[in-house]
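Peer 1: dropping the sequence and predicted coords here.
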Amino acid sequence: MAAVAETTTTVRPARRRPSFGRVAAWTVMVAIVLITLVPFYWILRTALSSNPGLNAQPADPLPVDLTLGGFERALGLQSTEEAVAQGGAGGGLKFWRYLLNSVLVSTLITTCQIFFSAMAAYAFARLRWRGRDTVFALFLAGLMVPTIFTLLPNFVLIKELGLVDNLLGIALPTMFMTPFAVFFLRQFFMNVPKEVEEAALLDGAGKVRVFFRVLLPMASTPVMTLAVLTYITSWNDYFWPLMVSYSDSSRVLTVALAMFRAQTPQSGIDWSGLMAATLIAALPMLVLFGFFARRIVSSISFTGLK
Amino acid sequence: MTIASSSPPSRLPPGAAEGARTRPSTNRAKASEKPGDGRLAAVFLAPAMLGFLVFLLWPTLRGIYLSFTDFNLLTPAEWVGLDNYVRMVNDPIFWNSLWVTVEYVILNIGVQTVAALAIAVLLQRLTQSSVLRGIVLAPYLMSNVVAGIVWLWILDTQLGIGNEIIVGLGFDRIPFLADETWAIPTIAMINVWRHVGYTALLLFAGLMAIPNDMYEAAKVDGASEWRMFWRITMPLLRPVLAVVLIMTVIGSFQVFDTVAVTTDGGPANATNVLQLYIYDSAFGRFQFGYASAMSVALLVVLSAITILQYRLTRAGQTDLG
């Protein structure tokens, strides 16, 4: 990590012959890739091992006693006795239920937040109305408020609304907008050539129709980028769901995973089961990323920095 | 539909339309205000406005109010003036939490910024492979909870592969997360692992905005990569770097998930970061008033840092163009 100085001095893209600098730079790059990826392999290797096997050969690069026991435990497919015998805590966790909860919450937040934020962004970018700049400045100021600050009062509010331990209670605070989403999409709408909109308006379409039929479809790339980022963020959120959910009915994967971690059996932590559960919790995002990787990676440049 | 179609299609003078396309200016709005737009804007803004007022503005004001009360969630809030703040100033655990958080932020942001800059520059000057960019981003897809648990396992004192390697190299085992000195640096590094790729890509985006012919010209003049980094890359990247720094510092101050799943504040309050202490005060001991007061303190600290950083780094100015 301290190798910036070394690497930046020596990188020479124009040169064909491998120089010392180029080799050094590539070495650093390979090291970065390894540090990034090895933990992923280690999750898989541990999840496919048995707990006694892990104790016996902690450094074996391959799964020890190849078994699906960890996954069965994480998914609640083992009986309590069986789970305890294999080094689990025995408490049944309903991972399918948490998976469904995570999907529901993230989908609800992403769909609504982006739809409503896009409408607001259009109003800020393309409609002319009194006080627009003031209201937008107020929205932008919202970017500065740290999340922790609104969490406690929001919890009190959700409790007053009777939505504690309810999926809607988890979704509600970020369902309507985030200042970032509005800002992000406004940037895009401002850059759409005015002529596009005017041509449609001259053809007799109303502004509502122009927005839904012309501008929103044009914004599909930034909308997709934002959607994936929002989905990842809400999927990975832990603090807020931890506050709001108390039972299986509203528990999402992150919270369930932390619970699984906390249930330490007498024999020591059930690493095999824990890594299997970790993999189950992380896999949907990896698959999502697999589908959208190129698009996300090349459009992070879009995320409001310019 | 009816609202919109009642307003005539907007026609701007050619000059204004041109200006709108290239550089949308804000003050042009007043000049050509159309009454129909106002109503449509109200409809389009309604949901976002509802969310903004109910879940952002109102809780901010309410949080400030609650910090002056003894609210405990069970009985109605009663005004106690500055009691919570007096208690906070005299609370050694609060000061410890603040100090631990600052220590974490300095380590986390310091290492992350340097590493992200290195990765971004390597990605720019060495290869523009989007596969590599994707790989670097992979940890960002994990939640902090997952990242925390994975590293908890890798760094486990008895069975973790990290310690197996350390022993294999002939050193003593390191109780990374169980030792007061090691715990905070370890958590800081775990979060560097998760976030560095995202930060690197933001910086990479900034680097891509630097015209390539600047490097070409410098190379013709015989400048080394080292010199180009300090004379071209750093000055031109500065505005982007400043924004990224402000964003990451604010995020870093709110560390919670990773600590909650790895050490839960221990050993002996060594990792009891501010956010964890706030959470514990609110939900562990139902002292919402006190927890709110500490949130206000955090808000003040963050605002001060943001303003200071903005000034110091002159984030608003650009050297590009």
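Peer 2: Received, thanks. Numbering: from 1, shown residues only, chains lettered A, B, ... in the order given.
Peer 1: every contact and neighbour count from this point should use C-alpha atoms.
Peer 2: Noted.
Peer 1: from chain B, which residue is nearest to chain A?
Peer 2: Closest contact between chain B and chain A, by CA to the nearest CA, is at residue B:226 (3.9 Å).
Peer 1: what is the neighbour count of that residue?
Peer 2: 18 (other CA atoms under 10 Å in any protein chain shown).
Peer 1: so it belongs to a strand, correct?
Peer 2: No - if the criterion is DSSP: H, G, I helix; E, B strand; the rest coil, then residue B:226 is helix and not within a strand.
Peer 1: phi first, then psi, for residue A:64.
Peer 2: Torsion angles at residue A:64 (phi, psi; degrees, to the nearest 10) stand at phi -90, psi 130.
Peer 1: CA atoms only: put stretch A:24-44 into PDB for me.
Peer 2: Extracted as PDB, the C-alpha positions of stretch A:24-44 are listed here (Å, rounded to 0.1, in the frame of the first residue of the first chain):
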ATOM      1  CA  ALA A  24       7.200  -3.300 -10.500                       C
ATOM      2  CA  ALA A  25       3.900  -1.600 -11.300                       C
ATOM      3  CA  TRP A  26       2.400  -4.800 -12.600                       C
ATOM      4  CA  THR A  27       3.600  -6.600  -9.400                       C
ATOM      5  CA  VAL A  28       1.700  -4.000  -7.300                       C
ATOM      6  CA  MET A  29      -1.400  -4.400  -9.500                       C
ATOM      7  CA  VAL A  30      -1.300  -8.200  -9.100                       C
ATOM      8  CA  ALA A  31      -0.800  -7.800  -5.300                       C
ATOM      9  CA  ILE A  32      -3.900  -5.500  -5.200                       C
ATOM     10  CA  VAL A  33      -6.000  -8.100  -7.200                       C
ATOM     11  CA  LEU A  34      -4.900 -10.900  -4.800                       C
ATOM     12  CA  ILE A  35      -5.700  -8.900  -1.700                       C
ATOM     13  CA  THR A  36      -9.100  -8.100  -3.200                       C
ATOM     14  CA  LEU A  37     -10.000 -11.600  -4.400                       C
ATOM     15  CA  VAL A  38      -8.400 -14.100  -1.900                       C
ATOM     16  CA  PRO A  39     -10.900 -13.400   0.800                       C
ATOM     17  CA  PHE A  40     -13.700 -14.400  -1.600                       C
ATOM     18  CA  TYR A  41     -12.100 -17.700  -2.300                       C
ATOM     19  CA  TRP A  42     -11.500 -18.200   1.400                       C
ATOM     20  CA  ILE A  43     -15.300 -17.800   2.100                       C
ATOM     21  CA  LEU A  44     -16.000 -20.500  -0.400                       C
END
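Peer 1: what sits closest to residue A:242 if chain neighbours are left out?
Peer 2: Leaving out its chain neighbours, the residue that sits closest to residue A:242 by CA to CA, 6 or more residues apart in numbering or on different chains is residue A:255, at 5.9 Å.
Peer 1: let's verify the one you found: helix, strand, or coil?
Peer 2: Assignment for residue A:255 (three-state DSSP): helix.
Peer 1: kindly report the same for residue B:75.
Peer 2: Per three-state DSSP, residue B:75 ends up coil.
Peer 1: what is the neighbour count of it?
Peer 2: Using other CA under 10 Å: residue B:75 sits among 8 other residues.
Peer 1: distance of it relative to residue B:286?
Peer 2: 11 Å (CA to CA, to the nearest Å).
Peer 1: next one: residue A:231
Peer 2: 32 Å.
Peer 1: tell me which of these two has more neighbours.
Peer 2: residue A:231 (22 against 17).
Peer 1: name the helix or strand for that one, please.
Peer 2: Here residue A:231 is covered by helix A:220-236, with elements defined by DSSP states H and E.
Peer 1: other SSEs contacting that helix?
Peer 2: Helix A:220-236 sits against helix A:95-126, helix A:179-191, helix A:271-299, with contacts defined as 3 or more CA pairs under 8 Å, 6 or more residues apart in numbering or on different chains; DSSP states H and E.
Peer 1: how about 10 Å then?
Peer 2: Contact here means 3 or more CA pairs under 10 Å, 6 or more residues apart in numbering or on different chains; DSSP states H and E; on that basis helix A:220-236 packs against helix A:95-126, helix A:167-175, helix A:179-191, helix A:216-218, helix A:253-262, helix A:271-299, helix B:144-154.
Peer 1: tell me the buried residues in the helix or strand that the last one is followed by?
Peer 2: The element immediately downstream of helix B:144-154 (helix or strand, assigned by DSSP H and E) is helix B:161-168. Counting neighbours by 16 or more other CA atoms under 10 Å in any protein chain shown, one finds that the buried residues in helix B:161-168 are B:161-164.
Peer 1: got TSV for the residues you listed, with pLDDT and distance to residue B:246 too?
Peer 2: Converted to TSV, the buried residues of helix B:161-168 look like this (pLDDT from 0 to 100; distance: CA to CA, whole Å):
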residue	pLDDT	distance to residue B:246
B:161	91	35
B:162	91	32
B:163	90	35
B:164	90	38
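Peer 1: check contacts around residue 44.
Peer 2: With no chain named, the answer covers chain A. Contact analysis of residue A:44 by CA atoms under 10 Å, 6 or more residues apart in numbering or on different chains lists A:62-63, A:272, A:275-276, A:278-279.
Peer 1: could you do chain B instead?
Peer 2: Counted by CA under 10 Å, 6+ apart, residue B:44 has contacts A:116-124, A:127, A:208, B:38.
Peer 1: just the pLDDT for it.
Peer 2: If you check residue B:44, the pLDDT there is 93.
Peer 1: element containing it?
Peer 2: Assigned by DSSP H and E, residue B:44 falls in helix B:35-52.
Peer 1: between helix A:167-175 and that helix, find me the angle.
Peer 2: 130 degrees (axes from the mean of the first three to the mean of the last three CA atoms, to 10 degrees).
Peer 1: immediately after helix B:35-52, which helix or strand?
Peer 2: helix B:58-66.
Peer 1: picking that back up, buried set for the helix holding residue A:231?
Peer 2: Buried, per 16+ other CA under 10 Å, within helix A:220-236: A:222-236.
Peer 1: and which of the residues you listed is nearest residue A:163?
Peer 2: Nearest to residue A:163 among the buried residues of helix A:220-236 is residue A:234, at 18.1 Å by CA to CA.
Peer 1: and that closest one, what does it touch?
Peer 2: Applying CA under 10 Å, 6+ apart, the residues near residue A:234 are A:102-103, A:105-110, A:170-171, A:174, A:228, A:240-241, B:143.
Peer 1: isn't residue A:129 right up against residue B:37?
Peer 2: Yes - applying CA atoms under 10 Å, one finds residue A:129 in contact with residue B:37, separated by 6.1 Å.
Peer 1: tell me the first helix or strand C-terminal of the helix or strand where residue B:190 lies.
Peer 2: If you go by DSSP H and E, residue B:190 is part of helix B:180-208. Once the chain leaves helix B:180-208, the next helix or strand it forms, by DSSP H and E, is helix B:212-220.
Peer 1: is there proximity between that following helix and chain A?
Peer 2: Yes - counting by CA under 10 Å from any CA of the partner chain, chain A is contacted by helix B:212-220 at B:216, B:219.
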